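Engineer: got a sequence here, can you model it:
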Amino acid sequence: MKNIKYLLLRRVTQIGILLLYFGANAYGWSILSGTFGSSLLFGSVPLADPYTTLQVLATGFVLGSDVLLGAAIITLFYFVVGGRAFCSWICPINMVTDLANWLRRKLQLDKEQTTHRFLKRKARYWIMVLGLIVSAVVGIAAFEVLSPITIMQRGIIFGFGAGVSVVIAIFLFDLFGVKNGWCGHLCPLGASYSLIGKASLIRVDHDHEACTNCMKCKVVCPESHVLHMVNKESIMVTDGECTNCGRCIDVCGDDALKFSIRNYLKKEQ
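Structural biologist: As a prediction, this is how the structure comes out:
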């Protein structure tokens, strides 16, 4: 079970959250209601996605203090646990892209040398900025209209319609197109959370002395470039693009990787 511990925990978390949203709609549960963009916890604590909030603000719409408080709560939470933990522990699309990337490995479709020739990881940051600009121009939260995260949540709660084609397209894109294409190169939500979690407390720590350079961690890591220190030096993964998914820890048979608390007093390299 060791090699899938964090994977199982992530799936339980993702499915559990979707069940809570479903229960709120179907049975009136008040534990967690709303959408990933704006929710209520226990019927009183507001939660709001920071990027969605920025898009709405860009339209010129005046938001209530509860939404702003909700965005502040979420920002603070992911500032502590690691911004892109949302991508691997909460986002339902992660289950789709993880499946696609698992199949890529099984079918031996990975060709890392060609992955970045036409699509750079920085594209998601440009898309993030573009989303804000378009929101300001057209007067609606632009990304939310096409967001596969929202489409998948609504599909699970209310039933899939034509929107399922977007989810299938992402699956096929990640499987036959670019490795980790959606989450790693295009999703503006992931870009915003990587900025939020850039200085987060919870980090993956690497022990150079224990590492045997098997590179299993880099094979499963959706953002393998953040593991540049593997078999080189004993430092933490400080890159904000790390999703804190724990898969590298799961597959490491040397116990050279573990979650730890960032030490700001220690000089980082």
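
Engineer: distance between the strand or helix carrying residue 96 and the chain's centre?
Structural biologist: Here residue 96, judged by DSSP states H and E, is contained in helix 93-106. Chain-centre distance of helix 93-106: 14 Å, with Cα atoms, centre = their mean, to the nearest Å.

Engineer: I'd say residue 151 and residue 165 touch.
Structural biologist: No: the criterion here is Cβ atoms under 8 Å, and residue 151 misses it with residue 165 at 9.3 Å. Where C-beta positions appear, they are placed from N, C-alpha and C, glycine not excepted.

Engineer: more neighbours: which of these two?
Structural biologist: Legend: neighbour count by other Cβ atoms under 10 Å for residue 151 and residue 165, higher for residue 151 (22 against 11).

Engineer: could you find the closest non-adjacent residue to that one?
Structural biologist: Leaving aside its chain neighbours, residue 151 sits nearest to residue 163 (4.0 Å; criterion: Cβ to Cβ, 6 or more residues apart in numbering).

Engineer: how near is the one you found to residue 86?
Structural biologist: 21 Å (Cβ to Cβ, to the nearest Å).

Engineer: what do you get for residue 212?
Structural biologist: 32 Å.

Engineer: for those two, indicate the residue with more neighbours.
Structural biologist: residue 86 (27 against 11).

Engineer: contacting residues for the residue lying closest to the more buried one once chain neighbours are set aside?
Structural biologist: Counting by Cβ to Cβ, 6+ apart, residue 193 is the residue found nearest to residue 86 once chain neighbours are left out, at 5.0 Å. By Cβ atoms under 8 Å, 6 or more residues apart in numbering, the contact set of residue 193 is 51, 78, 83-87.

Engineer: now, which of these sits nearest residue 139?
Structural biologist: residue 51 (17.3 Å; Cβ to Cβ).

Engineer: report how many residues lie close to the nearest residue to the closest one once chain neighbours are set aside.
Structural biologist: Closest residue to residue 51 apart from its sequence neighbours, by Cβ to Cβ, 6+ apart: residue 192 at 4.0 Å. Residue 192 has 26 neighbouring residues, counting by other Cβ under 10 Å.

Engineer: residue 192 sits in which helix or strand?
Structural biologist: Per DSSP H and E: helix 188-196 holds residue 192.

Engineer: need the mean per-residue confidence for that helix.
Structural biologist: The pLDDT scores in helix 188-196 average 95.

Engineer: okay, the angle between that helix and helix 93-106?
Structural biologist: 100 degrees (axes from the mean of the first three to the mean of the last three Cα atoms, to 10 degrees).

Engineer: next one: residue 19 from residue 25, what distance?
Structural biologist: 11 Å.

Engineer: only alpha carbons, please: show the host helix or strand of residue 249 as CSV.
Structural biologist: Using DSSP H and E, residue 249 sits within helix 247-251. What follows is helix 247-251, C-alpha atoms only, in CSV (Å, rounded to 0.1, in the frame of the first residue of the first chain):
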residue,chain,number,x,y,z
ARG,A,247,3.3,10.4,-6.0
CYS,A,248,7.1,10.9,-5.9
ILE,A,249,7.1,9.9,-2.3
ASP,A,250,4.8,6.9,-3.0
VAL,A,251,7.1,5.4,-5.6
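
Engineer: quick check: what element follows that helix along the chain?
Structural biologist: Immediately after helix 247-251, counting by DSSP H and E, sits strand 257-261.

Engineer: just the ones of the contacts of residue 193 in helices?
Structural biologist: 51, 78, 85-87 (DSSP state H).
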